[in-house]
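1. how would this look folded up:
(one chain, ligands or ions: 1)
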Amino acid sequence: MRDSFGSKIGLVLATAGSAVGLGNVWRFPFMAGQNGGAAFIIIYIFFIVILGVPGMVSEFIVGRHAGTNAARAYSRLSTGRQWKHVGVMGIVTSTIILGFYAVVAGWCLNYLFVSIGGDIGGDASSVRQYFVQFSSSPVSPVLWGLTFIVLTHLVIVRGIRSGIEKFSKLMMPTMFVLLIVLVVASCMLPGSMKGVTFLLNPNFSKVDGHVFLAALGQAFFSLSLGTACLCTYSSYFSRSTNLVRSAVQIAFIDTLVAILAGLMIFPAAFSVGINPDSGPSLIFITLPCVFHEAFAGMPVLGYVTSILFYALLSLAALTSTISMHEIGTAFFHEELNKSRKTAACYVSALAAVICIVSSFSVGYMPGLQLFGMSMMDCFDKLTAQLLLPLGGFLTCIYIGWFASFPRVYEEFTNDSTVNRSLFRVYLFLVRYVCPTFILAIFLDQFGLL
Ligand code: TRP
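-> Sure thing, here's the model as predicted:
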């Protein structure tokens, strides 16, 4: 029999584990920092509600109805075989993401170990020098990235219930406790209130088309939307799972964690007078300085905070890489009739290649570029700003216009038992609102609007 999640709380935590990741703790704060703080957050939350939740429900419907891997799932709700390609595209996208995500996750793991050794910290220039030296060495960052892929692999081969679910049930609450401890510590620092104001006081003067696209990409990335990830997880849901309620719960947890992550990072950064818009290096260069300076009189506290922080990042990253890995693993396992172990090896090997290329492109071999960007940036932009919105767009079109209407209704309402009154609203959103928004933001990006 096909594996499945064993409990409601297990499936919500596992799926929230997929959603909550470096996207929340690393990407969200620096995106908010670069795009106007609170104004970005308001646009972001609007997208989560109006596009994210309906998008999640759509993927859930496709996946649970089919009870199989993404490629086959997309051909189960209509007669058109070509929709299968949306699933295949999701599998490719998520494997690419797994590859470059593992690079950053590997950095976190390295920083965790270095923090334990007490070797991180110091003034800004020494921390920067450490980061540059580490990330451009030929071996070390690659090895940490690959270690991360191996860790992911080890959870995946244990299956859904005793691998993914068990692990998430343990890790998600741990992560949440770590996060709260760090938010409290950060907000207690002198001068930290400026950071809170930055997060809560909107400045709309920075908002332009680009900010909308960035917020859209971030919303999709953070909810793990548009790559058939949610569709794969929902194929392990039970018939009685309330899809709408689960989507709302997961979106809520995800947004809460992102905002808490902002409340952890900005107050600390402002308290030592560091600019919030320092970009992707925020957590690897800015924060070690913050830990060092903010806790100057209390080195033990600085030491512990630094360990807790990188442990938090590594855990959040791991529950996400697991979900990216599962998409490809389920596909190879079921479509090529390979054992789960062999299927997982294929995915790990593909991700490893992308991880090595990405890692080299931002360090050891800066010449590894495409369109004037490092390969790492290329992979990030290609997925977050192109493939994810495209996957989401096609999923909405599929569900709204091509899928069998009675089947969609059955899944949405659990055979007419729940959420019946919401169905019309949902249908309106996936038919008209979501595709229009995604398309408009997309065209705007290419200057076509
Ligand atoms: N949502 C995760 C994060 O915020 C990343 C992630 C996990 C993801 N699975 C995904 C992104 C699938 C896109 C597609 O870090």
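
2. how far off centre is the helix or strand residue 424 falls within?
-> Using DSSP states H and E, residue 424 falls within helix 423-428. Mean-position distance between helix 423-428 and its chain equals 27 Å (C-alpha atoms, centre = their mean, to the nearest Å).

3. check what contacts it and list those residues.
-> Residues from elsewhere that reach helix 423-428 (C-beta atoms under 8 Å, 6 or more residues apart in numbering): 54, 57, 244, 400, 409, 412-413. From N, CA and C alone the C-beta is placed, and that goes for glycine too.

4. of those residues, buried ones?
-> Those of the contacts of helix 423-428 that meet the buried threshold are 54, 57, 244, 400, 409, 412-413, by 16 or more other C-beta atoms under 10 Å.

5. closest one of those to residue 235?
-> The nearest member of the buried ones among the contacts of helix 423-428 to residue 235, counting by C-beta to C-beta, is residue 57 at 14.7 Å.

6. and the buried ones among the contacts of helix 423-428, which of them are in helices?
-> Counting by DSSP state H, those place 54, 57, 244, 409, 412 in helices.

7. in this protein, which spans are strands?
-> 369-370, 373-374 (DSSP state E).

8. between the ones in helices among the buried ones among the contacts of helix 423-428, which sits nearest residue 7?
-> residue 244 (18.8 Å).

9. what's the pLDDT at the closest one?
-> Predicted confidence (pLDDT) at residue 244: the value is 96.

10. repeat for residue 48
-> Residue 48 carries a pLDDT value of 96.

11. check contacts around it.
-> The contact partners of residue 48, by C-beta under 8 Å, 6+ apart, come to 219, 223, 251, 254-255.

12. redo these as JSON lines? Include neighbour count, pLDDT and distance to the ligand.
-> Formatted as JSON lines, the contacts of residue 48 follow (neighbours: other C-beta atoms under 10 Å; pLDDT from 0 to 100; distance: C-beta to the nearest ligand atom, whole Å):
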{"residue": "219", "neighbour count": "31", "pLDDT": "93", "distance to the ligand": "10"}
{"residue": "223", "neighbour count": "30", "pLDDT": "95", "distance to the ligand": "6"}
{"residue": "251", "neighbour count": "23", "pLDDT": "97", "distance to the ligand": "11"}
{"residue": "254", "neighbour count": "26", "pLDDT": "97", "distance to the ligand": "7"}
{"residue": "255", "neighbour count": "23", "pLDDT": "97", "distance to the ligand": "11"}
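
13. from these, which land in helices?
-> 219, 251, 254-255.

14. please report how far residue 56 lies from residue 392.
-> Taking C-beta to C-beta, to the nearest Å as the measure, residue 56 falls 10 Å from residue 392.

15. still on that earlier bit, in TSV: the strands of the chain, plus mean pLDDT and mean neighbour count.
-> Shown next, in TSV, are the strands of the chain (pLDDT from 0 to 100; neighbours: other C-beta atoms under 10 Å):
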stretch	mean pLDDT	mean neighbour count
strand 369-370	78	13
strand 373-374	83	17
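
16. the ligand is nearest to which of the ones you listed?
-> strand 373-374 (19.2 Å; C-beta to the nearest ligand atom).

17. chain center to the closest one, what's the gap?
-> On C-alpha atoms, centre = their mean, the centre of strand 373-374 falls 21 Å from that of its chain.

18. swap in stretch 290-303?
-> Put simply, stretch 290-303 sits 30 Å off its chain's centre (C-alpha atoms, centre = their mean).

19. so for it, mean pLDDT?
-> The model assigns stretch 290-303 a mean pLDDT of 78.

20. buried set for it?
-> 290-295, 302-303.

21. between those residues, which is closest to residue 200?
-> The nearest member of the buried residues of stretch 290-303 to residue 200, counting by C-beta to C-beta, is residue 290 at 19.9 Å.

22. can you give me the helices in the stretch 151-300 of the chain?
-> Secondary structure of the stretch 151-300 of the chain (DSSP state H, counting those that start in this stretch): helices located at 166-187, 193-200, 209-222, 229-234, 243-271, 286-294, 299-335.

23. what sits against the residue of the stretch 301-449 of the chain found nearest the ligand?
-> Closest contact between the stretch 301-449 of the chain and the ligand, by C-beta to the nearest ligand atom, is at residue 320 (3.9 Å). Residue 320 makes contact with 17-23, 101, 224, according to C-beta under 8 Å, 6+ apart.
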